[in-house]
Each structure stands twice: as structure tokens, then as C-alpha cells.
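Student: Test case, fold it:
(chains A and B)
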Amino acid sequence: MISRAVLLALLPVIAGVSLFQRRRLTAVIGMGLFSLALAATYLLHSAPDVAVTEAAIGAALVTVIYVLAIRRTGRLLVVGDEVPGLLAFEGDKLVGIEVEILEGFARQLGLDLSIQVIPHAEVEATLLRGDADLAAGGLCADCDGRLHRGRTHLPTALVRLSSQKGSPGGSRKEASTKRCDYNGYFSDLVKAIRSNEPVEATLDMARFLAVSRCDLSDWTVDRLSDSRGYAFVAGPGRADIRKQLNSYINTLEDTGALDEMIRRHLP
Amino acid sequence: MKRTIRTILALLVSMLVCCVVLLDLVVPEAPPRPDDTILLAERTGASNLVAAVYLGARLYDTLFEVLVFTVAVIGVRFYLSHRPSTARPVPIPESHVIQASAQILLPLILVLGLYLTFFGHLSPGGGFSGGVVAASGLLLCVMSIGLDTVYKRLSGAGIERLEWGLPMMIVAVCVLPTAFSRPILSNLLPIGEAGQVFGSPSILLLNALVGLKVLIGSWMVLYTFIRHRGEI
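Tutor: Down below sits the predicted model:
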């Protein structure tokens, strides 16, 4: 008798709690829990047939179908390479300004944030394939016309780094250095520079500052003249997400949270 | 802040509802079994009265339930077939822990599904719930060995034809008694001893057909979902 009353009382509580969840996965799990409690209620009210069906369909199958349905839509998939201070591993956790912005943004949308670190050169292709929603990781150059570049959240500049001493950046090179370019992952590039392998790369300010901790006395460093800014890039047909992200960054800027983040991560 | 207020509000509303429910709670005792139900159990040979009702006295209703389920499966396949399907094999996403535990759980789940289906006329269960339980077992199988392997093992397209055929077979079981000059929707097979597995063979047969139908239907829904979205 008491267990029946407790279960009956629990039902609206579970329903209410799962109704007000922002995260979709939590809401779906709450719904499954509701079905399970309902099945137990049926069982205690001498309806075992209905209880078995409710448990099998409500708690198992419907929950799984919902999870399948939200698996892609309930997730904000971001790709990018590491940038110290903006998006970088600390232990096995990603930290930085861009990570914080994205975390807040995903929380606002009620999505689960998933950041995948991929080589810088593959970021644009991944976005164009539609395998990710957003690109991050110190993107400071103009992108393909089909992609949507968001507003700048941090100013930067490009630096040309070359291991051959005294070779000035000629006009031919100048043309190819309109953007950040290096092969593979940034962490590999740092290793290569440390071991004095011949490297030529164009880096943005944050990456260059991290590299400059190595001994660069034998290297040629050209600061390219035009100033640029970091921004997020949304995939083709995702102008909506760019608009939302821009307004989120605007709010951060207005409340001073963005400056505070920058002070914290880039001292 | 806004979220906290809303959560507190939701909790308050839920508590209010609970109080009303608790104040008003008069749980009825299980009603005494009227004589009609005993008659029904004797007439169908099923000791689970729920099965005796929905596969005996009210078989007509069950036919339309099967129809509703079939229409739902057709709907899912129709609307998802307009979406591009992925040609590449669907990757297996789960960790080794889930893969290993799926191997252990799968036989148990399938046995439970079979038990629910074949003992539906004796104990709680029946074709609908048994079929769904077995389908969730198949889903677990998909998580552990991959969608394409499971699809191949279930002999691919043949299973789709079976899915169309099963409603026809259920209708045939309902209509066939007329061939033996008995009323439509009555027992096709002779009744055995009540309380035994073969005590009511018609209900057993119908439960098996409905269970298979629900299993294949749920599998088709899951398969179409995963195939056209390219991931599980």
C-alpha cells in the first residue's frame, strides 16, 4: 500500500523534473525512468501484462529511439587544432578561451559539446563535408565562400617562421602566407621546432608565442603586416548557428566576461 | 538563476500534485473475479485472462492493433526512405565494456523474449511485449557487432518480405475457422488442457505470429533509422 502511494507520488515528480531539463539526453533518460516507475505502478496495481509491455516499450525501445534521434542533433560537434591559450590540452582536458566560449554556448543551446582535435589543414574540409557543426582553434584567415565565418573574438596577427636564416619572405612566399599554414598537428610542429628540424610555417600570434619559448635565435621571423582576428567558422548552411554564436559572444563582451577570460588564459 | 527558479517551481507543482494524489488516494483492491472470466478461461484454455481477452474474446481489436503497428512501420520506412542512406558501413560506436556485456546479455534477453511470447497465455507477457524485448536484444547485438553484420545474419531483404507476410498470416488464422464451418475469429485449433503450454494452441500460434511481427517491425524501424542517419 505504501509502495503504491510512493510510486504514484513519484510519477509526477519524475515527469516534472524531466520536463524541465535543458540537456536533451537527461530529459530522455528522465522519460525512461518515468516509464519504469509507471511499469512498477502497473505491476502493483495487478496489471502485470501492461507492466511488461510498458517496461519493454517505454523504458527500453522508445528511450533508445529517442537517443538515436538526438545523438546527432543533441550534440555540438566542434573541430580544430590546438592553440595554446585558446584551445589546448591541459592533461587530458581541453582548456582555453575558445573552449570556455563554446561550453557556454552549448549550455545555452542545451547541447552536449564535443570538441575533436584534428590537423589544422583538414579543418575546412571536415566542415565542408558536414562532419562538424563548427570549427575553432585559432582560425584567423578568410575561409571558403560556402562556410560562415563568425565575428572576431580576439585580435591577432600572422607571423612567418622559417628555419633558413636570413631568407626574407619573398613575394612568392607572401602569396602563400595569407593564412596559418603548417602540416599535421600543432603539437608535432612544436616538437619539430624543438628538435631543430627544417620547418617553414605561418603561425598566428597565440601559436607563435607558444613556439617563441623555444630557442629561435637561428630562425627567421617575419611579422606579416596585416592584422587579423580569431573567429569561429560554421559549416555550409549553418548561418543560424553563426548568428546565435555571434550574439552569444556579443553578450559575453558586453558583460565583460570575454575580457575576463582573455586575462585569465592569456596573461 | 532563471533555471533554478523554474526547477523549484516545477518541484513545487509536482509536490502539489503529489499531495492531491496522496490525499485522494483510495487504491481499489483487486476486484473479485466474476464468473464470466472463468468461463472465458475455460473457453479459450488460457489461464492468463488478459491473453484470453485480447486473443480470444476480443481478437477483432487485436487485429487492428497489428494493423496500427504495421502502418507505423510503413510510415517510418516511407518517410526515411526519402533521406539519403549511407553506403559506407555503419561504425560500431560502443566501448569494449558494452561489447563484452552485450555478448553475455543477448542470450538472456532473447530467452526472455521467447518466454514472454510462448507463455503469454499462461503468465503475463504476450507477443507484443515479447517481440519488443527481443528487438531490444537485437539492438544490443547491433551495438556489439555492428549493423551490417546483424543485417546480413538476418538474411537481409528476405526479412522484409516476411514482415509483409506476417499480417496476412494473422488474418488467415482469424479467417480460417470459417473453412471448418465455425464462426470467424474463433479458435482455429482444438483446445487442450487448461494451464498447459499447448492448452490453447490458437492463442499460442497468434502470440508467436504477433511476436515475430513485432520483432521484425521494430527491427525494421531501428534499421531504417540507423541506416538513413549513418550512425547508431
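Student: Only C-alpha atoms from now on, for both contacts and neighbour counts.
Tutor: Fine.
Student: Could you pull out the strands in chain A for me?
Tutor: A:75-80, A:88-90, A:93-95, A:112-117, A:134-139, A:148-162, A:200-204, A:220-234 (DSSP state E).
Student: Please identify which of those strands is closest to residue A:263.
Tutor: Relative to residue A:263, the nearest member of the strands of chain A by CA to CA is strand A:148-162, separated by 11.6 Å.
Student: Residue A:53: what's it in contact with?
Tutor: For residue A:53, the contacting residues are B:125, B:128-129, by CA atoms under 8 Å, 6 or more residues apart in numbering or on different chains.
Student: I'd guessed residue A:133 sits against residue A:74; true?
Tutor: No - with contact defined as CA atoms under 8 Å, residue A:133 does not reach residue A:74; the gap is 11.5 Å.
Student: quick one: contacts for residue A:74?
Tutor: A:24-25, A:110-112.
Student: From those, list the buried ones, please.
Tutor: Listed as buried from the contacts of residue A:74 are A:24-25, A:110-112; burial here means 16 or more other CA atoms under 10 Å in any protein chain shown.
Student: of the contacts of residue A:74, list those near chain B.
Tutor: With CA under 8 Å from any CA of the partner chain as the criterion, the contacts of residue A:74 include none near chain B.
Student: Just to be sure, which of those are found in helices?
Tutor: A:24-25 (DSSP state H).
Student: now, which of the contacts of residue A:74 sits nearest chain B?
Tutor: Closest approach between these and chain B, by CA to the nearest CA: residue A:110, at 12.1 Å.
Student: Can you tell me how far that closest one is from residue A:231?
Tutor: Using CA to CA, to the nearest Å, we find residue A:110 at a distance of 22 Å from residue A:231.
Student: go on, residue A:87?
Tutor: 13 Å.
Student: looking at the strands of chain A, which is buried most?
Tutor: Counting by mean count of other CA atoms under 10 Å in any protein chain shown, strand A:134-139 has the highest mean neighbour count of the strands of chain A, with a mean of 27.
Student: What pairs with that strand, parallel or antiparallel?
Tutor: strand A:75-80 (parallel), strand A:220-234 (antiparallel) (DSSP bridges).
Student: List of residues touching that strand?
Tutor: Against strand A:134-139 from outside (CA under 8 Å, 6+ apart): A:76-83, A:86-87, A:98, A:123-124, A:127, A:180, A:204, A:206, A:230-235.
Student: Quick check: mean pLDDT of it?
Tutor: Regarding strand A:134-139, the rounded mean pLDDT is 82.
Student: Low-confidence stretches in chain B?
Tutor: Residues of chain B meeting the criterion pLDDT under 70: B:17-34, B:85-94, B:229-232.
Student: mind running it again at 50?
Tutor: Counting by pLDDT under 50, not a single residue of chain B qualifies.
Student: Quick check: which helices or strands does the strand or helix carrying residue B:71 pack against?
Tutor: Secondary structure from DSSP states H and E places residue B:71 in helix B:59-80. On a contact count with 3 or more CA pairs under 8 Å, 6 or more residues apart in numbering or on different chains; DSSP states H and E, helix B:59-80 meets helix B:158-175, helix B:201-229.
Student: Would you indicate which residues of it are buried?
Tutor: Those would be B:59, B:63, B:66, B:70, B:73-74, B:77, B:80, for helix B:59-80 by 16+ other CA under 10 Å.
Student: Among the residues you listed, which one sits closest to chain A?
Tutor: Closest to chain A, out of all of the buried residues of helix B:59-80 and judged by CA to the nearest CA, is residue B:80, at 12.3 Å.
Student: and that closest one, what is it in contact with?
Tutor: By CA under 8 Å, 6+ apart, the neighbours of residue B:80 are B:224-225, B:228.
Student: Kindly reformat those residues as CSV containing neighbour count.
Tutor: CSV is the format used below for the contacts of residue B:80 (neighbours: other CA atoms under 10 Å in any protein chain shown):
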residue, neighbour count
B:224, 20
B:225, 21
B:228, 17
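Student: Go back to these and keep what's next to chain A.
Tutor: residue B:225.
Student: Out of the contacts of residue B:80, flag the one nearest to chain A.
Tutor: residue B:225 (7.9 Å).
Student: gap between the closest one and residue B:95?
Tutor: Residue B:225 is 21 Å from residue B:95, by CA to CA.
Student: can you check residue A:154 too?
Tutor: 38 Å.
Student: looking at the helices and strands packed on helix B:59-80, which is buried most?
Tutor: When the helices and strands packed on helix B:59-80 are compared using mean count of other CA under 10 Å, helix B:201-229 is most buried, at a mean of 23.
Student: And for the nearest residue to residue B:223 once chain neighbours are set aside, the neighbour number?
Tutor: Among residues not flanking residue B:223 along the chain, residue B:147 sits closest, at 7.6 Å (CA to CA, 6 or more residues apart in numbering or on different chains). Using other CA atoms under 10 Å in any protein chain shown, residue B:147 has 23 other residues around it.
Student: Please report how far the spatially most central residue of chain B lies from residue A:34.
Tutor: Chain B has residue B:128 as the residue nearest its centroid, 2.7 Å off, counting by CA atoms, centre = their mean. The gap separating residue B:128 from residue A:34 is 21 Å, by CA to CA.
Student: Same check on residue A:146?
Tutor: According to CA to CA, residue A:146 and residue A:34 sit 44 Å apart.
Student: And those two? Which one has more around it.
Tutor: Neighbour count, other CA under 10 Å: between residue A:146 and residue A:34, residue A:34 has more, with 22 against 13.
Student: Now residue 42: closest residue in space that isn't a chain neighbour?
Tutor: You didn't pick a chain, so chain A it is. Using CA to CA, 6+ apart, the closest residue to residue A:42 is residue A:51 (5.2 Å).
Student: Hmm, no, I was thinking of chain B.
Tutor: Using CA to CA, 6+ apart, the closest residue to residue B:42 is residue B:194 (7.0 Å).
Student: so which strand or helix has the one you found?
Tutor: Per DSSP H and E, there is no helix or strand for residue B:194.
Student: quick one: contacts for it?
Tutor: B:41-42, B:45-47, B:200.
Student: What of residue A:31?
Tutor: A:14-15, A:18, A:59, A:63.
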